[in-house]
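Visitor: Have a look at this prediction, sequence included:
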Amino acid sequence: RSAGVLVEVFSHWRCCGASFTLRALIRSMADGRPRNCLCCRTAGMSTPNPSRGLRGLVTAVSTTPALGWTFVYFFCLLSGYYVLRPVREAMGAAADVAMVFPPSMIAWFAGIGMPLDKYILQILFTCTFVIMLLLQPVYGWLVSRYPRRVFLPLVYGFFIGTLLLFHGLFDSQVAGRGMAFFLWLTVFNLFAVAVFWSFMADIYSNVQAKAYYGYIGAAGTLGAFLGPVITRTLVETVGIANLMLISAALLSVCVLCIVKLRPHAVAREQRQQLASGEVPMGGEVWAGLKLIAREPLLRWLAVLMLFAVGVGTLLYNEQAAIVRAYYPDPAKATAFYANIDLAVNTLTLIVQLLITRALLSRFGIGPALLIPGFGIIVGFSILAASPLPIIVAIVQVITRSSEFSLGKPARETIYTRVGREWRYKSGAAIDTVVYRGGDLTFVWLHKLVAIAGSSAVFGLGVLVASGMTCAAWRVMGEEKKLAAERSED
């Protein structure tokens with residue numbers, strides 16, 4: 001009997017690591033049975049099976065009912081976004097400013113001697129950051145005042161309504177629609193995805209997150225595959241306006257998934273005696289930013305996000321310049337960006353299905369945070385020596401896919417071990433205000449450095465990627481302190 005107990009205890013130790021302590025081992029031997037570890041008490045969900053790949057995916061879905069609806073949720077969310085992303089990219093890379101900005105704005109900038117065609121991305125990113133900063137207290141008020149069952153559908157309902165509005169704007173060829181859509185889609189992407197991952201941290205434990213977030217990300221990647229396919233297939237026949245209706249339909253499915261998943265979040269909170277999301281969270285509207293300033297872990301997560309956005313923005317601007325030169329037609333530029341997205345999503349899916357779960361479950365967040373940084377340093381070093389267009393495209397694919405398949409899941413597992421204000425307020429602030437603050441900083445920095453040529457831009461990118469790697473190291477150190485300092489809420 002003791003041998004059997006030891007085998008079971010060892011399996012729990014492999015699953016939960018430090019959370020299954022020596023004291024639990026001694027008690028298990030005394031009782032003749034293993035004590036349940038933290039993950040085995042989670043919301044009626046079983047301990048993640050160590051199987052990998054597709055076999056592990058099938059096992060996970062069969063033992064964890066919430067996963068099915070989670071997959072559908074993230075699939076539809078990213079599919080709806082990626083239907084529209086190529087349209088946004090084409091607007092940002094447009095050679096004709098009249099397609100992007102309203103006539104009054106073009107005339108005003110021309111009057112002060114600042115041609116908008118030279119500053120399209122800089123102006124768009126500056127406006128985006130201002131909007132994010134203004135929306136932060138609004139979002140903070142929403143999550144503080146209303147329970148989860150109200151504010152989650154409300155967020156997605158708002159985006160569905162505005163998509164219907166944009167259908168009318170594009171169908172009527174309203175001037176300035178390009179700028180409005182670029183800003184809106186950027187806000188949608190960050191807020192909708194941030195809300196999704198915050199909700200996931202209500203449903204899954206940390207151990208489950210490490211085991212399942214790779215698979216959840218893969219479901220989203222499949223949706224990201226479908227989005228560009230829809231766009232590339234239909235954009236030249238049905239037009240951009242009707243793509244808005246397709247995206248709105250996909251977001252409507254997301255609302256249904258929220259309704260179906262809410263009982264699973266409630267069950268976990270009740271069984272683990274966590275703070276309930278069925279009552280208003282309370283707190284200050286600026287609590288997210290204040291927590292970032294006060295808590296070391298959140299500060300380093302913000303720094304990591306800033307530098308990660310920095311390398312992406314530098315690369316994005318170089319890519320936009322190439323597209324502007326080679327694809328002046330909006331439809332062709334949209335198709336080009338759709339092909340880039342398909343390449344990114346292919347590599348992301350492979351890593352998510354075959355590597356992410358094993359890496360997070362066996363080694364924790366460390367390798368998943370460090371590998372993207374080292375990869376970007378190598379890629380930017382090659383570009384600094386030889387900034388060829390094809391290499392820019394390859395590094396773009398590697399940079400984005402490593403973030404989606406490794407960096408993002410690793411960071412999101414941290415939020416399963418902290419309170420709801422950290423998840424919904426600080427996490428959202430990092431993913432929106434800090435993210436777009438990085439965009440704003442580096443889009444203007446790129447404008448200055450680009451005067452010296454592409455090699456100088458990519459040389460700067462090497463320094464930024466080095467800072468990103470250092471920040472990842474500090475996040476790893478602070479995350480290790482978290483288990484001793486904080487419970488799951």
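Guide: Perfect, I can see it now. Residues are numbered from 1 along each chain as shown.
Visitor: And the pLDDT at the nearest residue to residue 308 once chain neighbours are set aside?
Guide: Using Cβ to Cβ, 6 or more residues apart in numbering and skipping residues adjacent in sequence, the residue nearest residue 308 is residue 468, 5.3 Å away. All C-beta spots, glycine's among them, are computed from the backbone N, C-alpha and C. For residue 468, the pLDDT comes out at 94.
Visitor: is it true that residue 468 touches residue 305?
Guide: No. Judged on Cβ atoms under 8 Å, residue 468 makes no contact with residue 305 at a distance of 9.2 Å.
Visitor: quick one, which of the two is more surrounded?
Guide: The neighbour comparison of residue 468 against residue 305 (other Cβ atoms under 10 Å) goes to residue 468, with 26 against 21.
Visitor: Mind telling me what element residue 161 is part of?
Guide: Following DSSP states H and E, one finds residue 161 within helix 148-171.
Visitor: Tell me which residues are up against that helix.
Guide: Applying Cβ atoms under 8 Å, 6 or more residues apart in numbering, the contact partners of helix 148-171 are 142-143, 146, 177, 180-181, 184, 188, 191-192, 195, 199, 202, 239-242, 244-245, 247-248, 251-252, 254-255, 258-259, 262, 265, 277-278.
Visitor: need the next SSE after that helix, C-terminal direction.
Guide: In N-to-C order, the element after helix 148-171 by DSSP H and E is helix 177-203.
Visitor: Give the other helices and strands that the helix or strand following that next one contacts.
Guide: Following helix 177-203 in sequence order, the next helix or strand is helix 206-238 (DSSP H and E). Counting contacts by 3 or more Cβ pairs under 8 Å, 6 or more residues apart in numbering; DSSP states H and E, helix 206-238 packs against helix 53-63, helix 66-92, helix 177-203, helix 240-271, helix 330-351, helix 357-363, helix 408-414.
Visitor: Give me the buried entries from the contacts of helix 148-171.
Guide: 142-143, 177, 180-181, 184, 188, 191-192, 195, 199, 202, 240-241, 244, 247-248, 251, 254-255, 258, 262, 265, 277 (16 or more other Cβ atoms under 10 Å).
Visitor: Low-confidence ranges, the stretch 201-350 of the chain, go.
Guide: 272-283, 285, 322, 330-331, 334 (pLDDT under 70).
Visitor: Try it again at 90.
Guide: In the predicted model, the stretch 201-350 of the chain carries pLDDT under 90 at residues 201-215, 217-218, 221, 224-242, 262-293, 313, 315-346, 348-349.
Visitor: so residue 337 makes contact with residue 84?
Guide: No. Contact criterion Cβ under 8 Å: residue 337 and residue 84 do not qualify, at 11.1 Å.
Visitor: and the gap between residue 117 and residue 86?
Guide: 21 Å (Cβ to Cβ, to the nearest Å).
Visitor: These two: which is more packed in?
Guide: When residue 117 is set against residue 86 and neighbours are counted by other Cβ under 10 Å, the residue ahead is residue 86, at 27 against 15.
Visitor: what distance separates the strand or helix carrying residue 130 from the centre of its chain?
Guide: For residue 130, the host element (DSSP H and E) is helix 120-145. Distance of helix 120-145 from the chain centroid (Cα atoms, centre = their mean, to the nearest Å) equals 17 Å.
Visitor: how far off helix 66-92 does it point, in degrees?
Guide: Computed by axes from the mean of the first three to the mean of the last three Cα atoms, to 10 degrees, the angle separating helix 120-145 from helix 66-92 equals 150 degrees.
Visitor: So which bits of helix 120-145 are buried?
Guide: 120-129, 131-132, 135-136, 139-140, 142-144.
Visitor: What is that helix packed up against?
Guide: helix 66-92, helix 148-171, helix 177-203, helix 287-294, helix 296-326, helix 427-429, helix 435-449.
Visitor: Looking at the ones you listed, which is nearest to residue 226?
Guide: helix 66-92 (4.7 Å; Cβ to Cβ).
Visitor: following that closest one, which helix or strand shows up next?
Guide: Next element after helix 66-92 (DSSP H and E): helix 103-111.
Visitor: which of the residues in that following helix are buried?
Guide: 105, 106, 109.
Visitor: From residue 412, how far off is the last one?
Guide: Just to be clear, that refers to residue 109. 40 Å.
Visitor: swap in residue 216?
Guide: 9 Å.
Visitor: same deal with residue 311?
Guide: 20 Å.
Visitor: who's more crowded, the two?
Guide: residue 311 (29 against 24).
Visitor: Could you verify my assumption that the more buried one touches residue 465?
Guide: Yes. At 5.1 Å, residue 311 counts as touching residue 465 under the criterion of Cβ under 8 Å.
Visitor: Show me whatever sits in contact with both of the two.
Guide: 376, 380.
Visitor: Low-confidence stretches in the stretch 51-200 of the chain?
Guide: Looking at the stretch 51-200 of the chain by pLDDT under 90, you get 51-66, 82-155, 167-195, 197-200.
Visitor: can you do 70?
Guide: For the stretch 51-200 of the chain (pLDDT under 70), the answer is 51-56, 92-96.
Visitor: Roughly how far does residue 84 sit from residue 90?
Guide: Residue 84 is 11 Å from residue 90, by Cβ to Cβ.
Visitor: again, but for residue 374
Guide: 33 Å.
Visitor: what about these two, which has more around it?
Guide: residue 90 (27 against 15).
Visitor: wait, isn't that one in contact with residue 340?
Guide: No. Shown here, residue 90 and residue 340 do not form a contact pair, counting by Cβ under 8 Å, at 11.8 Å.
Visitor: How about residue 142, nearest residue that isn't a chain neighbour?
Guide: Per Cβ to Cβ, 6+ apart, closest to residue 142 is residue 151, 5.0 Å.
Visitor: Also residue 482?
Guide: Residue 482 sits nearest to residue 417 (Cβ to Cβ, 6+ apart), 5.6 Å away.
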